[in-house]
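> below is the structure, and that's it, no one-letter string:
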C-alpha cells in the first residue's frame, strides 16, 4: 500500500456504498446487452499525471455504445473543422431521449452529436482515406484515446445489426430531410450518395468497440488533458477540439437529464446503454464507471450515484476553481542532493534515505493527489523517511485535508517515517492530525531540522551518524 492509495480508498468506499443498489436493469433492446452481469460494478480515475486508480470490476470488458460519441465527434472536428461539422450537426440540447427523432426545422440537422441521429451523421462524416476504411479510422482514433489497441465485440455488433431498425430509419429520415452527412459529405456532381445503411453499419461497429472502465477513464482524461493522452503522451486531438467536445458533453451528454447533471454533478459526462459512464474534470482527471443496470434515461444507476457522490464529497464541480496543473509539487527528491547534505560517508547515506516533497499554492483534491503520489516516489525504499514541506502552501480545503491525512496515515502504517514542515498548521492542529492519522506527526519549522531528525531516527540510538551521537 502507498500514500496515494488514499484515492483508491475513496473509490473502494464508493464501490462498497453503492454496490448494493438494485434499481434499474440492463438494456434489453439489444439482446446481447441483456446478458450482462447486473452485479458488475467498476470505478476508475486517471489523473493528469497518468496515475490510475480503480475499484471493483474496472477491468471487465464491455462495449462503448453511446460513450463512443464524444470521441468520434472529436475525430470529425479534427478532420473537417467546426464550421463544416456544424453545417450538418447542431450543438443544442435536445431535451429528448437518446434515440428521439430530433431534427432542426428548416435544415434537417440533428440537435447535437450526442443523440443517435447526430451520432449517425457524425460517423458518416468520417470518410475513408487511402487503404483505411471509415471504421478503421474510427477504431484507430478510439484506440489512441484509450492508449492501447481496442477491438470489436462481434457478438454485440451482430446483435445491434439485427435489431437496429430504428437507427436505420433515422438515417433514411436524415437523408430525406436533406442532411447529406447521413450519406457522407456533400458528393461531387454525378457521384451517388453513400448508402445510409452502410453509414449505420459503421455506427453499429463503433458502438460495439470493447473497453474497460480503466480505458474509459483514460479516454476521459485525454479530453480533460487538452487532447493529450496522459499515459502515452500522444496528442490525440488539439486542445481546441478537446474543449469543444467537453462543451457539448456538458450541455448534451446526458440527454434529457443533462441540465440536472450539470447542476448537481458539474462535470462534462457521457453515458452509454451498456452501463458505461464517463466524466471529465478539465485539467484535473478522467472518471469512469461501469455497471449494467440502467435508469429510465439509459444511464448506469450505480455509476450515476457514485460519480455524483464523488463530485459532491470531493468538491469536483466544474465551477469550482481547480489547482493549476503541474503547479503543486515544486520539488520531489532525496535529502542527499540538497546543498545542506553532508559531504559523504554514512551521514550522507542516511540522507539518501530521506525523501523531500515541497508543495505550494492552494490545495484541492486534485492537488492533494499530486502531493501523495510525489510522497510515494520521493525515496528509494519503503523503510526510509519522508519530509513534506508545506511552507509555500497558501490553503488546504477540507477534502484535500482529509485526503492528505489519509495518505500520511498510510505511509506511517506501511512503516515509513514522515515529518512535516508546517509552521502555519496547514494540516490542522496536532489533535486533529492525531485523530485522522492515528499517531503524532512530527512538525518542524525548517526543512533542515526535519531532515536531520529523520536521519537520526533512521540511524537509531547506535547509528554511526554524527547527529545521532550528539
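Sure thing, it's come through. None of the values given here were measured: they were computed from a predicted structure. Residues are numbered from 1 along each chain as shown.
> residue 275 reaches residue 290, doesn't it?
Yes: checked against CB atoms under 8 Å, the pair residue 275 and residue 290 is within contact range at 5.4 Å. C-beta here means a position set from N, CA and C on the backbone, and glycine is covered the same way.
> give the residues shared as contacts by those two.
When contacts are counted by CB atoms under 8 Å, 6 or more residues apart in numbering, residue 275 and residue 290 have 40, 62, 300, 303 as shared neighbours.
> so who does the nearest residue to the last one once chain neighbours are set aside touch?
This means residue 303. Counting by CB to CB, 6 or more residues apart in numbering, residue 289 is the residue found nearest to residue 303 once chain neighbours are left out, at 3.2 Å. The contact partners of residue 289, by CB under 8 Å, 6+ apart, come to 41-44, 213, 276-277, 300, 302-304, 306-307.
> mind doing that once more with 7 Å?
With contacts defined as CB atoms under 7 Å, 6 or more residues apart in numbering, residue 289 is in contact with 42, 43, 213, 277, 300, 302, 303, 306, 307.
> likewise residue 150?
Counting by CB under 7 Å, 6+ apart, residue 150 makes contact with 139, 142, 143, 209, 210, 211.
> now, of those, which are buried?
139, 142, 143, 209, 210, 211 (16 or more other CB atoms under 10 Å).
> which among these gets closest to residue 170?
Residue 170 has its nearest neighbour among these in residue 209, at 20.3 Å by CB to CB.
> surely that closest one meets residue 66?
No: using CB atoms under 7 Å, residue 209 is not in contact with residue 66, being 11.8 Å away.
> rewinding a little: among the buried ones among the contacts of residue 150, which are located in helices?
Of the positions in these, 139, 142, 143 sit in helices, assigned by DSSP state H.
> ok, of these, which one's closest to residue 205?
Lowest distance from residue 205 to these (CB to CB) belongs to residue 139, with 7.9 Å.
> tell me the domain ranges of the chain?
Under the assignment named as automatic domain parsing, the residue ranges that make up the domains of the chain are 5-314, 329-469.
> out of those, deepest packed?
domain 5-314 (a mean of 21; mean count of other CB atoms under 10 Å).
> start and end of that one, how far apart?
Distance across domain 5-314, first residue to last, is 16 Å (CA to CA, to the nearest Å).
> quick one: the helices in the stretch 101-250 of the chain, in order.
116-124, 134-146, 154-163, 165-176, 196-207, 213-224, 239-252 (DSSP state H, counting those that start in this stretch).
> redo these as JSON lines? Include distance to residue 313 and mean pLDDT.
Compiled in JSON lines, these are given as follows (distance: least, CB to CB, whole Å; pLDDT from 0 to 100):
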{"stretch": "helix 116-124", "distance to residue 313": "33", "mean pLDDT": "91"}
{"stretch": "helix 134-146", "distance to residue 313": "28", "mean pLDDT": "97"}
{"stretch": "helix 154-163", "distance to residue 313": "34", "mean pLDDT": "94"}
{"stretch": "helix 165-176", "distance to residue 313": "38", "mean pLDDT": "83"}
{"stretch": "helix 196-207", "distance to residue 313": "32", "mean pLDDT": "90"}
{"stretch": "helix 213-224", "distance to residue 313": "18", "mean pLDDT": "98"}
{"stretch": "helix 239-252", "distance to residue 313": "21", "mean pLDDT": "96"}
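> can you say which of these is nearest to residue 28?
With CB to CB as the measure, helix 154-163 is the member of the helices of the stretch 101-250 of the chain nearest residue 28 (10.1 Å).
> touching that closest one from outside, list them.
29, 30, 31, 32, 33, 63, 201, 204, 205, 207, 208.
> can you check stretch 127-140 too?
By CB under 7 Å, 6+ apart, the residues outside stretch 127-140 that reach it are 72, 75, 123, 126, 150, 184, 185, 202, 205, 206, 209.
> start to end distance for stretch 417-428?
The first and final residues of stretch 417-428 sit 19 Å from each other (CA to CA).
> check the offset of that stretch from the chain's centre.
30 Å (CA atoms, centre = their mean, to the nearest Å).
> between the contacts of residue 289, which is nearest residue 457?
Among these, and counting by CB to CB, the member closest to residue 457 is residue 43, at 37.7 Å.
> test my guess that residue 363 contacts residue 393.
Yes: with contacts defined as CB under 7 Å, residue 363 counts as touching residue 393 at a distance of 6.0 Å.
> read off the pLDDT value for the closest residue to residue 441 other than its chain neighbours.
Closest residue to residue 441 apart from its sequence neighbours, by CB to CB, 6+ apart: residue 433 at 5.1 Å. The predicted local confidence for residue 433 comes out at a pLDDT of 86.
> what strand or helix carries residue 433?
Secondary structure here is read from DSSP states H and E; on that basis residue 433 sits in helix 430-437.
> which secondary structure elements does that helix sit against?
helix 398-413 (3 or more CB pairs under 7 Å, 6 or more residues apart in numbering; DSSP states H and E).
> relative to helix 430-437, how tilted is whichever helix or strand comes after the helix it packs on?
Tracing the chain past helix 398-413, the next element assigned as helix or strand by DSSP H and E is strand 417-421. Relative orientation of strand 417-421 and helix 430-437, computed by axes from the mean of the first three to the mean of the last three CA atoms, to 10 degrees: 140 degrees.
> what does strand 417-421 rub up against?
Outside strand 417-421, the residues that touch it by CB under 7 Å, 6+ apart are 385-391, 408, 411-412, 427, 441-444, 446-447, 450, 453-454, 457.
> can you tell me which of the residues you listed are in strands?
385, 386, 387, 388, 389, 390, 391, 443, 444 (DSSP state E).
> the fifth one and residue 448 touch, don't they?
No: using CB under 7 Å, residue 389 is not in contact with residue 448, being 10.7 Å away.
> and residue 89, how far is that from residue 110?
Separation of residue 89 from residue 110 (CB to CB, to the nearest Å) stands at 6 Å.
> can you work out which residues contact both of those two?
Taking CB under 7 Å, 6+ apart as the contact criterion, the common neighbours of residue 89 and residue 110 are 118, 121.
> thank you, goodbye.
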